[in-house]
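Enquirer: sequence and computational prediction follow.
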Amino acid sequence: MLTQKETDFLTQTDKGTPMGDLFRRYWHPFLLTTELPENDGAPVRVRLLGEDLIVFRDTNGKVGLIDERCPHRGASLFFAINQECGLMCIYHGWKFDVNGDCVDMPSDLPGSNFKDKVHVASYPCIESAGAIWTYMGPAENKPQVPSYVMNVLPEENVMATRTMIYCNYLQSIEGNLDSTHLGTLHLYYDNMIPADLEYDKPGHPSPRFSNYITGTQKYARIDVQDTDYGYRLIAVRKTPKGNQHIRINNLALPVMTWIASSGGNGAVFTQLPVDDHNCMRVGFIVRPDKPFTAGERQAAESQAALLQDPDNPKLRLKRMDNDYHQDRVAQKTTNPPGIWPIPEQDYAVTETMGVIMDRTKEHLYHGDAAVIRLRQMLGKAARDLQEGVEPPGLNGGIAYHKIRSEDIVIGPNDDPWLVATDAGESTGRGERLR
Ligand code: FES
Ligand SMILES: [Fe+2]
């Protein structure tokens, strides 16, 4: 449970709030490169951390992210003409480059240099892993772009996605760090039928065996292992032969998460605040040993298109106002939520908590250990920053590229805590909950 004051502190990320200051000290992916395909193409509106911004690709292919409001008299630069290395406001013709500098003011007095004094707020951008990333903090504190696995692999081995979620970021990211909902929210009844039992031995199991374990072992012991960048969440379940099935998720503050998935692919998701009532999931599926083919990418795009509202491709098709297309028959025959597919199941439960969940009414239990730790870490980092203490994970010394999620079976006497430590980059410390 949190007080309303603590909830406000953690959930508000507009400019000038402590949590907003914390988020603005990290690089964040916010748009797919495929959403900004052409030099001098149409600018795109984005809202990030409560700020209305315009992103555009200039004549040379450079990406700019600037305040939507023209600093002259506030016309929207979404409607600007994108040409010759800048956006020209359609009201009086002031023009701005990717750095936010005013490079032309054709309607000014002849001989005036007023344009040299005018800038529009702008944020640096880079492109990596099929996404555009930005840093919205003070220039003097700009860290290196983190070497997350998707940023060091060739782009062919990464598939990026972006989805809008219609609730506050915190309840959304808490869902990424909550292992005990797997056996209910993501259960498909078929997975309760024993299968692939030959994988009940130390090693990487088949996805089907993992689903059987998470679907039938509702209880998971949760350990939270602190790291220099956030933490590792270790969920341990018993297998029929007495081995241990463990899933390791990782958090890099403030909101980058590595989600355990069986079958060799890794999934990394961030839930970045759009404003206090919405967030966006930018996800990266990584497959280090094998590039994704054009056919696989196309299939993923077609699948994603099925989940967008045909009348408004920027809206998700399954939303609270249509009860996520819940199927009450499927609920008793296919899967408990009666909602498809898996991400929509997560959106349904987190969005219907209310846009900002009332945490004064919750009752947390053992399975929420990682949720509690997330709140503690975010709160501490934000409070520390107000006192001048630098946020975690930004000193350049973190081997981010080594962070991996895991889905693995270990022997009855193996220590999950040590397995998790070996899988990551730094020595484990934190809460061993047994
Ligand atoms: S409002 Fe943009 S140039 Fe005047
Ligand atoms: Fe989930």
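Expert: Yep, it's here. Numbers count the residues shown, from 1 in each chain. Ligands and ions are numbered 1, 2, ... in the order given.

Enquirer: so how far is ligand 1 from the closest residue to A348 other than its chain neighbours?
Expert: The shortest distance from A348 to any residue other than its chain neighbours is 4.4 Å, reached at Y324 (Cβ to Cβ, 6 or more residues apart in numbering). The C-beta positions use only the backbone N, C-alpha and C, and glycine is treated the same way. Look at Y324 and ligand 1: by Cβ to the nearest ligand atom, to the nearest Å, they are 42 Å apart.

Enquirer: tell me, how many residues neighbour Y324?
Expert: 22 (other Cβ atoms under 10 Å).

Enquirer: equivalent analysis for P412, please.
Expert: Summarising burial for P412: neighbours were counted as other Cβ under 10 Å, giving 11.

Enquirer: excluding chain neighbours, what is closest to it?
Expert: Nearest residue to P412, sequence neighbours excluded (Cβ to Cβ, 6+ apart): G242, at 4.8 Å.

Enquirer: I'd guessed the one you found sits against D414; true?
Expert: No - judged on Cβ atoms under 8 Å, G242 makes no contact with D414 at a distance of 11.7 Å.

Enquirer: who's more crowded, the two?
Expert: Neighbours were counted for G242 and for D414 using other Cβ under 10 Å; D414 has more, 15 against 10.

Enquirer: enumerate every residue touching that one.
Expert: Taking Cβ atoms under 8 Å, 6 or more residues apart in numbering as the criterion, D414 is in contact with 202, 244.

Enquirer: okay, it and A369: tell me how far apart.
Expert: For D414, the distance to A369 equals 21 Å [Cβ to Cβ, to the nearest Å].

Enquirer: spell out which residues of the stretch 51-200 of the chain are next to ligand 1.
Expert: The interface of the stretch 51-200 of the chain toward ligand 1, taken as Cβ under 6 Å from any ligand atom, is made up of 70, 72-73, 75, 89, 91-94.

Enquirer: please repeat the previous calculation with a cut-off of 8 Å.
Expert: Proximity of the stretch 51-200 of the chain to ligand 1 is assessed by Cβ under 8 Å from any ligand atom, with 70-75, 77, 89-94, 107 identified as the residues in range.

Enquirer: weed out the non-buried ones from the residues you listed.
Expert: Among those, those that count as buried by neighbour count (16 or more other Cβ atoms under 10 Å) are 70-72, 75, 77, 89, 91, 94.

Enquirer: in this structure, which residue is most central in space?
Expert: The centre of the chain sits closest to T270, judged by Cα atoms, centre = their mean, with a distance of 1.0 Å.

Enquirer: make sure that one is indeed in a helix.
Expert: No - the assignment for T270 is strand, going by DSSP: H, G, I helix; E, B strand; the rest coil, so no helix is present there.

Enquirer: okay, it: pLDDT?
Expert: Per-residue pLDDT puts T270 at 97.

Enquirer: repeat for K402
Expert: Per-residue pLDDT puts K402 at 88.

Enquirer: how close does it get to P416?
Expert: If you measure K402 against P416 using Cβ to Cβ, the figure is 18 Å.

Enquirer: neighbour count winner among the two?
Expert: Taking K402 and P416 together and counting by other Cβ under 10 Å, P416 has the greater number of neighbours (22 against 12).

Enquirer: quick check: that one touching R237?
Expert: No - with contacts counted by Cβ under 8 Å, P416 stays clear of R237, the gap being 10.3 Å.

Enquirer: find residues that contact each of these two.
Expert: Taking Cβ under 8 Å, 6+ apart as the contact rule, P416 and R237 both touch 244, 246.

Enquirer: hmm, back to that, got the contact list for the residue nearest to A348?
Expert: Here Y324 is in contact with 318, 337, 339, 344, 347-348 (Cβ under 8 Å, 6+ apart).

Enquirer: count of residues packed around P110?
Expert: The number of residues packed around P110, counting by other Cβ under 10 Å, is 4.

Enquirer: repeat that for T184.
Expert: Taking other Cβ under 10 Å as the definition, T184 ends up with a neighbour count of 15.

Enquirer: circling back: check contacts around the residue nearest to the centre of the chain.
Expert: Here T270 is in contact with 28-29, 255-257, 281-283 (Cβ under 8 Å, 6+ apart).

Enquirer: now do the SS call for N250.
Expert: Under three-state DSSP, N250 falls in the strand class.

Enquirer: swap in F78?
Expert: What three-state DSSP gives for F78 is helix.

Enquirer: I'd say it and D67 touch.
Expert: No - using Cβ under 8 Å, F78 is not in contact with D67; the gap is 11.2 Å.

Enquirer: these two - which one has more neighbours?
Expert: Using other Cβ under 10 Å, the more surrounded residue of F78 and D67 is D67, with 19 against 16.

Enquirer: before we move on, back to that, need the max-distance pair from the buried ones among the residues of the stretch 51-200 of the chain next to ligand 1.
Expert: Across those, the two members that end up farthest from each other (Cβ to Cβ) are P71 and Y91, 11.6 Å apart.

Enquirer: list residues touching both of these two?
Expert: Shared between the contact lists of P71 and Y91 (criterion: Cβ under 8 Å, 6+ apart) there are no residues.

Enquirer: the one residue in the stretch 151-300 of the chain that gets nearest to ligand 1 pairs with what?
Expert: Of all residues in the stretch 151-300 of the chain, D275 sits closest to ligand 1, with a separation of 24.0 Å (Cβ to the nearest ligand atom). When bridges are taken as DSSP bridges, the partners of D275 come out as N278.

Enquirer: so what's it up against?
Expert: Contact criterion Cβ under 8 Å, 6+ apart gives 13-14, 47, 49-50 as the residues in contact with D275.

Enquirer: what's the pLDDT at it?
Expert: Looking at D275, its pLDDT stands at 98.

Enquirer: now do the contacts for Q386.
Expert: 18, 21.

Enquirer: ok, it to L378 distance?
Expert: In this structure, Q386 lies at 13 Å from L378, with Cβ to Cβ as the measure.
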